[in-house]
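J.: okay, structure incoming, though there's no sequence with it:
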C-alpha cells in the first residue's frame, strides 16, 4: 500500500487550524448547502482516494484526512514543509490528535469513505456511503438524507470496534 499522510484540520481560523494559503483556503470554504468543506464532498474524496473523518467541535468542523503522499506532494506540497504542524504521527504508539480522532487505517475498505467520528469511545461512529445514506458498523442504513448538521446518535456501539472492523 502506498505511503500515506495523516493531517488534521479545523475550519475555524486559517493559519491556526489549517494552512493559510491555497488550496486550503478554497477547500475549507467550499460552502454548499450540505457541505462546508471540500472534504465532505463524496466525489472529491473518492476521486482523490482519501479517507476522511469528520467531527463537530463546538461550532466548528474538525477533519482528519488520510491521503497518499503522492497526492499531498502534488496538491498541497507546503503541508509537508511550511505547514507540517498539521501532520499527525501515524505510529500507533504515538497517535496524537488535537481533537481526539480515532485512528482509521488506509486500505481498500476505507479509501473513498467519509466517517463521522464522535471523538469518544462511547459515542456513535457513522460511515457515509455513495447514495448519501449513513450506515452503522453492521451496514444498517439509519439516516436517509445526508446532513452532518442533523446527525443524531441512534445506534450506540464502541468506536474502537468500528476501527477494528475497517482494518480487515
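T.: That came in fine, so what should we check first? Everything numeric here is computed off the predicted structure, so don't read it as measured data.

J.: give me the below-cutoff pLDDT ranges for the chain.
T.: 1, 32-34, 92, 120-168 (pLDDT under 70).

J.: for it, longest strand please?
T.: strand 60-68 (DSSP state E).

J.: quick one: the helices in this protein?
T.: For the chain, helices defined by DSSP state H occupy the ranges 24-28, 42-47, 69-75, 159-167.

J.: just the buried residues of the second one, please?
T.: Translated: helix 42-47. If you call a residue buried by 16 or more other CB atoms under 10 Å, then helix 42-47 has these buried ones: 42, 44-45. The way it works is simple: take the backbone N, C-alpha and C, and place the C-beta from them, glycine included.

J.: that older thread, quick one: list the elements packing against the longest strand of the chain.
T.: If you count contacts as 3 or more CB pairs under 8 Å, 6 or more residues apart in numbering; DSSP states H and E, strand 60-68 packs onto strand 4-10, strand 51-57.

J.: so which bits of that strand are buried?
T.: 61-68.

J.: give me the contact list for stretch 35-54.
T.: 9, 11, 26-30, 32, 34, 61-68, 71, 75, 101-102, 104, 106, 110-117, 128, 130, 132, 148 (CB atoms under 8 Å, 6 or more residues apart in numbering).
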